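[1] Below are the sequence and a predicted model; questions follow.
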Number of protein chains: 2
Amino acid sequence: MSDDASLRRAFDWFRSQEDFERRFGEAIRQSFDEVFDGQRTGRYCLDQLSKVEKTYIGTKVEIVVQAEFGLSRGSRMDFLVDDQEVDAKWTMKSGAWMIPTEAVGEICLCLTADDNRSIFSVGVIRADEDLLGNAQNKDGKRRFNDLGKESMTWLVETGQLPENVLLHLGEDVREQVLDKGKSGQKRVDDLFRLVQKKLISREVLLAVAHQQDGPKRVRDARLSLKAEGIVILGHQGDHPRIARELGIEMPAKGTWISCRVVPATGITSSSARIGYSNWRPATSDEDCVEVPANY
Amino acid sequence: MSDDASLRRAFDWFRSQEDFERRFGEAIRQSFDEVFDGQRTGRYCLDQLSKVEKTYIGTKVEIVVQAEFGLSRGSRMDFLVDDQEVDAKWTMKSGAWMIPTEAVGEICLCLTADDNRSIFSVGVIRADEDLLGNAQNKDGKRRFNDLGKESMTWLVETGQLPENVLLHLGEDVREQVLDKGKSGQKRVDDLFRLVQKKLISREVLLAVAHQQDGPKRVRDARLSLKAEGIVILGHQGDHPRIARELGIEMPAKGTWISCRVVPATGITSSSARIGYSNWRPATSDEDCVEVPANY
């Protein structure tokens, strides 16, 4: 890259963006989730998509990345990055980016992710002729050769993709939280009962609820589960403090986390004030104690 | 259709669904708007989509219709409609549905729409061999022949598609409300200033605002525009009453409508109480009078 000033500028621009790694990861997560359309379809896995939808993911990633970083459209390529024309290239399989004739010699922003392993990569490269293999697909697109793969300059080589919670549930738990034989509310109750101490995103909630009014379902689940001592924390009021004190992840806006608690004796390192008393995370062998719902 | 009991059942089922015409129209509008992704891209027109996105619209329509009518997946075809296997077929051009080999002899729900003319059509047909033309595309798909087109049983022959407001603006107004050189707030102000007495959907608002917090932009626009006598009405509180009294459309949840008003002398057929006084729609030659913002 050292002698390619344009490529260097595009690389440096992304590197200078605050939190760029997290933002690339969230853009890819968001793109997958929008194409799953879990709220309408209950899908959570790339294997469940049609061929058209798999192709469309590349388009959605390009759109979300452009919007996330506030890039304008290029005149020849997808984006302008610090005044350099850059084309976005997506592939499901690392290294397998397909370069069409019109992108040969151009700067490419290459993105990929593995939802099973919760990782993603983003790199920049100038797709010069000598970096491309000879084999073409029917549209005349070519992959990078070994030299090409070595020449990638990584912005994020192995980034942490926000977890696809539904994908990583055990089969039996997933069946329970997606069971169409139950009401949306019962499924949401089960989600927070069976999937504790894990951040639940709005997308996961809507895929499980299979309806629009997710936040209302969370409020009702809070009441359903209080007898079992399960709290559900969001991003408002005292909730972040309670999550911190319990030693579980703090929910950002549009996410929730549940945890079964029991009364704590005294203030310990993982005890939290909930209502007027102290509680701590329960262990699996402890009996349920009803928790107040006005936290 | 008379001697095809399965086709009749699928047809009758859709006909029996409350408001099915409106719901089909809204499903198609929603599908277009989601693929435009106006909030991120500012796009409002099918011509602005890539080939992949145009193809994907058919998938989105299928998903939204399935969710809207609560249909389950078929085992061979897309949906089960009153226990009958039904395949959804979308085309941008009426009559041009492409029938793949696996759908020959099957019941098809055929949908199309014209965003320029704000119309849509939905029909059912059994795609029998004798209703299909001979010409095949490269994937072996065929169109209906003339007999096929005549054999369509329309659920909605010429339905009213919810209007694509941005598409139908004059070029100069559209440029002003999408001008990236201005802030999102200024664009939203211009939208409600320049596009009055027309329902503005959440999707249009977000495409213009180019950011997430649309409702906040509306609240601020209300303050910006009060000096010009422009009110912006939503679905809450007194707003529906004011819209009704002014004789403009009543905004449903997630829509807004603006109207420039002047003090009314006495109560007339189009005068509305706003705050503590009566107002009526202004004509273009009347001077601006500041309206209270606490309506």
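    Yes, it's here.
[2] contacts for stretch A:276-284?
    Stretch A:276-284 has contacts (CB atoms under 8 Å, 6 or more residues apart in numbering or on different chains) with A:197, A:229, A:231, A:246-248, A:259-264, A:266-268, A:270-273, A:288, A:291-292. Heads up, the C-betas are built off the backbone N, CA and C, glycines and all.
[3] For that stretch, buried residues please.
    Buried residues in stretch A:276-284, counted by 16 or more other CB atoms under 10 Å in any protein chain shown: A:Asn278, A:Trp279, A:Arg280, A:Pro281, A:Ala282.
[4] again, but for stretch A:265-275
    A:Ser271, A:Ala272, A:Ile274.
[5] Leaving out sequence neighbours, find the closest residue to the second one.
    Meaning A:Ala272. Leaving aside its sequence neighbours, A:Ala272 sits nearest to A:Glu245 (CB to CB, 6 or more residues apart in numbering or on different chains; 3.4 Å).
[6] For B:Ala5, see how far away the residue lying closest to A:Glu68 once chain neighbours are set aside is.
    Closest residue to A:Glu68 apart from its sequence neighbours, by CB to CB, 6+ apart: A:Ala27 at 4.9 Å. Remark: distance between A:Ala27 and B:Ala5 (CB to CB, to the nearest Å) = 50 Å.
[7] correct me, but A:His235 touches A:Thr255?
    Yes. Using CB atoms under 8 Å, A:His235 is in contact with A:Thr255, at 7.0 Å.
[8] Give me the more crowded residue out of these two.
    Using other CB atoms under 10 Å in any protein chain shown, the more surrounded residue of A:His235 and A:Thr255 is A:Thr255, with 20 against 15.
[9] which strands and helices sit next to the host helix or strand of the residue nearest to A:Glu68?
    Under the criterion of DSSP states H and E, A:Ala27 resides in helix A:20-36. Helices and strands touching helix A:20-36, by 3 or more CB pairs under 8 Å, 6 or more residues apart in numbering or on different chains; DSSP states H and E, are helix A:51-68, strand A:107-114, strand A:119-126, strand A:153-160, helix A:202-209.
[10] for it, which positions count as buried?
    A:20-21, A:23-25, A:27-36.
[11] In CSV, list the buried residues of stretch A:276-284 along with pLDDT.
    Shown next, in CSV, are these (pLDDT from 0 to 100):
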residue, pLDDT
A:Asn278, 92
A:Trp279, 93
A:Arg280, 94
A:Pro281, 94
A:Ala282, 94
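[12] Just these: which are in strands?
    Here DSSP state E is the test, and the buried residues of stretch A:276-284 give A:Asn278, A:Trp279, A:Arg280, A:Pro281 as lying in strands.
[13] Show me what from the stretch 1-150 of chain A comes close to chain B.
    Counting by CB under 8 Å from any CB of the partner chain, the positions of the stretch 1-150 of chain A adjacent to chain B are A:37, A:39-41, A:50, A:52-53, A:55-56, A:58-59, A:63-64, A:66-67, A:72.
[14] how about those, which pair is most distant?
    Greatest spacing in those, by CB to CB: A:Thr41 and A:Ser72 (33.2 Å).
[15] Looking only at neighbour counts, state which of the two leads.
    A:Thr41 (17 against 11).
[16] and the residue nearest to the more buried one when sequence neighbours are not counted, how many residues sit next to it?
    With sequence-adjacent residues excluded and distances taken as CB to CB, 6+ apart, A:Thr41 is closest to B:Ile63, at 6.0 Å. Around B:Ile63 there are 20 other residues, counting by other CB under 10 Å.
[17] Please apply the same query to A:Gly140.
    By other CB under 10 Å, the residues close to A:Gly140 number 11.
[18] Am I right that it sits in a strand?
    No. Applying DSSP: H, G, I helix; E, B strand; the rest coil, one finds A:Gly140 to be coil, outside a strand.
[19] correct me, but it touches A:Ala103?
    No. Using CB under 8 Å, A:Gly140 is not in contact with A:Ala103; the gap is 11.1 Å.
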